[in-house]
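> Output the structure for:
(2 chains)
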Amino acid sequence: MGQYSIWVLEYSYVSNYHKSGVLYGAHNQGYVKLPYCYALIKGNGHVAMVDVGYNNKDYGKHLGDKFGVENWHSPKAVLGEIDLTPEDVDTVFVTHAHFDHFGNVEDFPMAIFYIQEKEIAKWVWAMSLPDRMRWMNVAVDPGDIVRGVDLARQKRLVTIDGARQDVLPNIDLNPAFDSHTYGSMWVTVRNGKEDSWVLAGDLVYVFDNIEGSGAAVDIETLYVPVGLAVGSQTNLVLATEEMMKQVNYEARRVIPIHEERLKDRFPSRITKNGLRISEICLADGEKSRVQ
Amino acid sequence: MTDPSAKRFFERAVTVHRYDCELVAMPQASGAEGGKSAVDEDNAADEATVRYVVATRPVYDGLRRLIGQVAGLLVLAQAGGRRDVFDLPDIPAARERWTEIEQRLGALRAPSGLASHHARLATTHATLGEVLEDFGMARLQRDWQQHLDRAGDRIKHAYAWLQAASEPRAGMTPVDFNHACCSCAQRWRHQGGNDGPIFDLGA
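Coordinates of the predicted model:
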């Protein structure tokens, strides 16, 4: 038990995502379900989110038709399942600026958003490059950055430079520069001594990124980076080591939000909308939302 | 566009080839596509549409990315309170791109039915020009905040105009999803693929 409760809330999913997208080098190994989720942290008088999902109004149909993204539901519907509303959210940690993490800021009208300054600065640089290098600005919606301008004008967007401890009491932000994206970060919730949790954003997609098979090199497990990085796989592996160090190498405490098998490690349930809620931990006095 | 040959030409232009592929502009040899020429004279209007779409994609994409650049600079200035943003080399680079797009935009010939599409792109471009002027004013004047605020309003308008000019079927979408956290495999399956490359470099 501790100060904060954490839930991972599914808001949409892709039924068949190629495995090499989530696991570096896993070519021709079939498909996995890829849930789209955000995490919610509640405690110490705060309701915080790790990422906010994407903007279905603008892209829902296109994503559904072209990429098979299914069953999107609004934050109001998703948070309602744990007895909260988007208006209750006072803090949002944006792990990176991809559309499915930073695309729905308008649905959280009371929140202060935190993002790494480098994430914005290097996207600006990437957007300025010639067409032949446009791969480097994939999956970023200029509209999200435009909405970021509005947040900044309202003093609701905080750009940070590097690590920051106690953004909320016992919640830390940790950068992983030039990894999945230029200014990715993960969130560490220190619930108590030896009771920390890492919310990894897209630095870890699935359990195998932390506990990949090491059979080929005669070890039990090894870190295998995610399939998409505009930075380097080296930086992803180094970030994974830092995350693991923060949780005393207890792999289950690093939470990958695109992992369908969270249900195998944590209590969970499927909502009436067909979306999963995984309950990572409960604060003292908090009731379960999955039982 | 109901005529099959025109439809084939359209699809060749917007999905098979990149927008800058010279083959799109070249006449197809008779018999190159199922024994028929791609477009016959009766479909001249459709061909004009296709040529407009192909020529417009780099303009659209340039505007999309310019909005991202400029909005990002505004975020850095607003959220970080950093006036030195206006001295970054990114701003002359943005102006240079703006000028390049102006030239491409001027060279576009919109078929009559697409004049309003062209006008939306032109308005996006003009509005971005005003934002860049605001940047210049903010750099020079003591009360820089008011210029930032005005630029913030204008960038929203520019983006709204770009959205109004978006056309997913022609590859004009605000986000490049091609390698994003969604399923290329799904798209490949929708296209009826069983073998061969997953990535559609032309889309």
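> Around the nearest residue to residue A:153 once chain neighbours are set aside, how many other residues sit close by?
Nearest non-adjacent residue to residue A:153, counting by CB to CB, 6 or more residues apart in numbering or on different chains: residue B:152, 5.4 Å away. For every residue, glycine as well, the C-beta is placed using N, CA and C. Residues lying near residue B:152 (other CB atoms under 10 Å in any protein chain shown) number 21.
> Can you tell me the element residue B:152 falls in?
Element membership of residue B:152, judged by DSSP states H and E, is helix B:144-164.
> Return the list of helices and strands in contact with that helix.
helix A:142-153, helix B:44-80, helix B:115-140 (3 or more CB pairs under 8 Å, 6 or more residues apart in numbering or on different chains; DSSP states H and E).
> and of those, who's closest to residue A:71?
Across the helices and strands packed on helix B:144-164, residue A:71 has its closest neighbour in helix A:142-153 (21.9 Å, CB to CB).
> what does that closest one contact?
A:55, A:58, A:97, A:99, A:102-103, A:105-106, A:113, A:115, A:120, A:123, A:127, A:157, B:64-65, B:67-68, B:71-72, B:74-75, B:78-79, B:148-149, B:152, B:155-156, B:159, B:162-163, B:174-175 (CB atoms under 8 Å, 6 or more residues apart in numbering or on different chains).
> on that earlier part again, what's the angle from the helix holding residue B:152 to helix B:115-140?
160 degrees (axes from the mean of the first three to the mean of the last three CA atoms, to 10 degrees).
> So which bits of helix B:144-164 are buried?
Within helix B:144-164, the residues that count as buried by 16 or more other CB atoms under 10 Å in any protein chain shown are B:144, B:147-159, B:161-162.
> What sits closest to residue A:128 if chain neighbours are left out?
residue B:93 (4.9 Å).
> backbone phi and psi for the one you found, please?
Backbone torsions for residue B:93, taken as degrees, to the nearest 10, come to phi -60, psi -40.
> count of residues packed around it?
Neighbour count for residue B:93, taken as other CB under 10 Å: 17.
> Over to residue A:83?
Neighbour count of residue A:83, defined by other CB under 10 Å: 10.
> Can you give me the pLDDT of it?
On the pLDDT scale, residue A:83 is placed at 98.
> Also the one 10 residues further on?
The score at residue A:93 is 98. That number is its pLDDT.
> The one 4 residues further on now?
pLDDT, residue A:97: 92.
> Make sure it is actually in contact with residue A:123.
Yes. Residue A:97 is within contact range of residue A:123, at 6.0 Å (criterion: CB atoms under 8 Å).
> which residues does residue A:195 contact?
Here residue A:195 is in contact with A:2, A:281 (CB under 8 Å, 6+ apart).
> how much space between it and residue A:253?
Residue A:195 is 9 Å from residue A:253, where distance means CB to CB, to the nearest Å.
> just to revisit the earlier point, shared neighbours of residue A:97 and residue A:123, anything?
With CB under 8 Å, 6+ apart as the test, residue A:97 and residue A:123 both reach A:140, A:145.
> Show me the shaky parts of chain B.
Applying pLDDT under 70 to chain B picks out residues B:1-45, B:176-203.
> again, only this time at 90
Chain B contains residues with pLDDT under 90 at B:1-50, B:80-84, B:86, B:112-113, B:136, B:138-145, B:167-203.
> hang on, isn't residue B:62 packed against residue B:94?
No. Residue B:62 is beyond contact range of residue B:94, at 10.9 Å (criterion: CB under 8 Å).
> Compare those two (neighbour count), which wins?
residue B:94 (24 against 20).
> correct me, but that one touches residue B:67?
No. If you go by CB under 8 Å, residue B:94 and residue B:67 don't touch, sitting 10.1 Å apart.
> which helices and strands does the helix or strand harbouring residue B:94 pack with?
Residue B:94 is part of helix B:90-107, with elements assigned from DSSP H and E. In this structure, helix B:90-107 packs against helix B:44-80, helix B:115-140, with contacts taken as 3+ CB pairs under 8 Å, 6+ apart.
> Next, the buried residues of it.
Buried, per 16+ other CB under 10 Å, within helix B:90-107: B:90, B:91, B:93, B:94, B:97, B:98, B:101, B:102, B:105.
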